[in-house]
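Peer 1: Got a sequence here, can you build the structure:
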Amino acid sequence: MNVENTSKQSWWTRIAHPGQFVAWSRRLLVPLWIATAALFVLGLWLAFFASPEDYQMGDTVRIMYVHVPTAWLSQFVYGVMSVSAIGTLVWRHPMADVSMKAAAPLGATFTALALYTGALWGRPTWGTFWEWDGRMTSTLVLLLIYFGIVALWRAFDDQLRAARIVAVFTLVGAVNIPIIKFSVDWWATLHQPASVFRLDGPTMPGSILTPLFVMVFAFTALFLTLHLIGMHTEVRRRRVMSLERRLAQRGAA
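Peer 2: Just a heads-up that it's a prediction; the model follows:
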């Protein structure tokens with residue numbers, strides 16, 4: 001029993017200690033980059049050369065292969081941040097706020113891309129770049145929440161204090177995620193209801209669904225890679241700041 005507890009504590013310590021986290025997770029970067037590149041090559045080939053045109057939208061449907069993955073990641077990244085926020089507030093996990101901070105600008109970027117590609121897709125499909133419907137408006141609110149979180153991180157020199165404030169703000173903002181998800185069911189909207197994850201099966205043909213899934217995996221792998229790099233960068237940045245404070249204190253003494 002003691003051996004088991006020691007093993008669990010060792011595993012938890014490896015994840016919690018910033019230096020050990022960087023050391024063991026660095027080995028994941030090359031495989032992640034290779035997987036990301038391979039998925040994008042396959043996904044883009046399938047999207048532009050192997051998938052057919054839509055009988056109504058023609059080649060415009062290919063915007064979907066970027067819009068849907070970035071829209072998915074806009075919510076998935078916020079979910080990662082929400083879990084990290086709980087880790088910060090409940091367990092005081094040293095890497096939780098690092099994860100939360102590294103994910104915020106990535107989530108903002110994917111959300112902005114989702115809105116931009118959605119506007120490009122909406123103009124030929126719906127006849128307008130923008131409509132204040134439930135999903136578009138709630139996604140815009142999500143982008144503003146991301147901007148607010150990034151601004152909060154930069155507003156504090158004390159990152160531990162900032163982490164607790166940002167964690168609370170993140171969890172409050174999480175109420176917007178189910179609104180985005182179910183807005184097409186709750187209100188009249190230009191967006192169509194779910195067409196992939198349905199009880200009666202997806203409504204898309206396999207020739208379109210396959211490249212869409214590959215692109216979703218490609219963008220998700222890209223996020224995981226960039227998130228890991230962002231966490232490593234944040235750990236090193238905090239080390240530098242800590243060393244600078246120590247040198248300043250010694251100089252003052």
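Peer 1: In space, what's closest to Leu28 - neighbours in sequence excluded?
Peer 2: Residue nearest to Leu28 in three dimensions, not counting chain neighbours: Leu228, with 6.5 Å by Cβ to Cβ, 6 or more residues apart in numbering. Yep, even glycine has a C-beta here, placed from its N, CA and C like the rest.
Peer 1: which element is the one you found on?
Peer 2: helix 206-252 (DSSP states H and E).
Peer 1: counting contacts, what elements does that helix pack onto?
Peer 2: Applying 3 or more Cβ pairs under 8 Å, 6 or more residues apart in numbering; DSSP states H and E, one finds that helix 206-252 makes contact with helix 18-25, helix 29-45, helix 64-86, helix 96-126.
Peer 1: ok, the closest residue to Gly79 other than its chain neighbours - how many residues close by?
Peer 2: Among residues not flanking Gly79 along the chain, Ile177 sits closest, at 7.0 Å (Cβ to Cβ, 6+ apart). Per other Cβ atoms under 10 Å, the neighbour tally for Ile177 reads 18.
Peer 1: again with the one 10 residues further on
Peer 2: A count of neighbours around Trp187, defined by other Cβ under 10 Å, yields 13.
Peer 1: do the same with Trp153
Peer 2: Applying other Cβ under 10 Å, I find that Trp153 has 19 neighbouring residues.
Peer 1: Could I get the contacting residues of it?
Peer 2: By Cβ atoms under 8 Å, 6 or more residues apart in numbering, Trp153 lies in contact with Lys101, Ala104, Gln159, Ala162, Val166.
Peer 1: Let me know whether Met81 touches Gly107 as I believe.
Peer 2: Yes: using Cβ atoms under 8 Å, Met81 is in contact with Gly107, at 6.7 Å.
Peer 1: give me every residue that touches Ala38.
Peer 2: So Ala38 contacts nothing (Cβ under 8 Å, 6+ apart).
Peer 1: Could you check how far it is from Glu53?
Peer 2: 26 Å (Cβ to Cβ, to the nearest Å).
Peer 1: now swap in Pro205 and tell me
Peer 2: 12 Å.
Peer 1: mind checking the backbone torsions on Arg92?
Peer 2: Backbone geometry at Arg92, expressed as degrees, to the nearest 10, gives phi 50, psi 40.
Peer 1: Mind pulling up the pLDDT for Thr6?
Peer 2: According to the prediction, Thr6 has pLDDT 49.
Peer 1: got it, and the one 5 residues further on?
Peer 2: Among the per-residue scores, Trp11 shows a pLDDT of 59.
Peer 1: Likewise for Ala174?
Peer 2: At Ala174, pLDDT is 97.
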